[in-house]
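Provided below are the primary sequence and the corresponding predicted coordinates.
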Amino acid sequence: MPDDGGRHTRIVRWLKVALPLAALALLSTLFLVSNRIGGDIDLPYSEGEIEDRVREPRMTRPSYSGVTSDGDSLMLNAEEARPAGSGQSEATGRQVIGTLQMKEGGLVTLKSRDVVIDTQARIATLTGDVLATTSDGLSMATEGLVAALDRSHLESTAPVVAEGPPGRITADRMDLTADEAAGTGYVLRFVGNVKLIYQPSSQNAGP
């Protein structure tokens, strides 16, 4: 008679490896890994680290990139990414650095402690010490920011403090969108309890 117990054990062992690898495959559909592996593979992990990654599948230094309907380029890089829950459209990342490169030359750099990318909802939600800096020198700090993946749109989900050429601005939230009325350029708005402390530049200041 066939050894059903032994066959069951082999199947369980195989699933312990196959299922985490399948999770990594799903994760790789959300993040695009730019590093290529050469012919000689040298895994930089100890045996304990490999076992840990089998238990909790994750990717190291993944990146997401895409082009919005407005023609801008959005890129997000993370130190590490994991599948989010049981869904196949979400992934979480930590220590995030990103850019929104506008086709007309403007640039917004993004930094945050964490991110959740949801390709079904077409949004990336950045949380924790979020910093968005425009190429003209305006830095905006908040605890939450949503970036659309399919269009050029950034919106804070928490109060924001901005500092730059105009001075210091505080508001309940801010959003940056393409200027559809003009057909070119972008609109940055501060909404709710907006306060500005004007700080003239040294060039405009008197003697």
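Yep, it's here.

where does the nearest residue to residue 150 once chain neighbours are set aside fall, phi/psi-wise?
The shortest distance from residue 150 to any non-neighbouring residue, by CB to CB, 6 or more residues apart in numbering, is to residue 122 (4.6 Å). For the C-beta atoms, the positions are set from N, CA and C on the backbone; glycine is no exception. Main-chain torsions, residue 122, degrees, to the nearest 10: phi 60, psi 50.

ditto for residue 193
The phi/psi pair for residue 193 (degrees, to the nearest 10) is phi 50, psi 50.

which residues does it contact?
By CB atoms under 8 Å, 6 or more residues apart in numbering, the contact list for residue 193 reads 170-172.

got a winner among these for most neighbours?
Counting neighbours by other CB atoms under 10 Å, residue 171 leads these with 20 neighbours.

and it, how far is that from residue 160?
6 Å (CB to CB, to the nearest Å).

and for the two, which residues touch both?
Contact with both residue 171 and residue 160 is made by residues residue 190, according to CB under 8 Å, 6+ apart.

residue boundaries of the helices in the chain?
For the chain, the helices defined by DSSP state H cover 4-28, 47-55.

Would you state the strands of the chain in chain order?
Secondary structure of the chain (DSSP state E): strands located at 59-60, 63-67, 73-83, 90-101, 107-118, 123-134, 139-148, 153-156, 160-164, 167-171, 173-178, 186-191, 195-198.

Apart from its chain neighbours, what residue comes closest to residue 155?
Counting by CB to CB, 6+ apart, residue 155 lies nearest to residue 175, which is 4.2 Å off, once chain neighbours are set aside.

ok now do the residue nearest to residue 150, which residues does it touch?
The contact partners of residue 122, taken as CB under 8 Å, 6+ apart, are 148-150.
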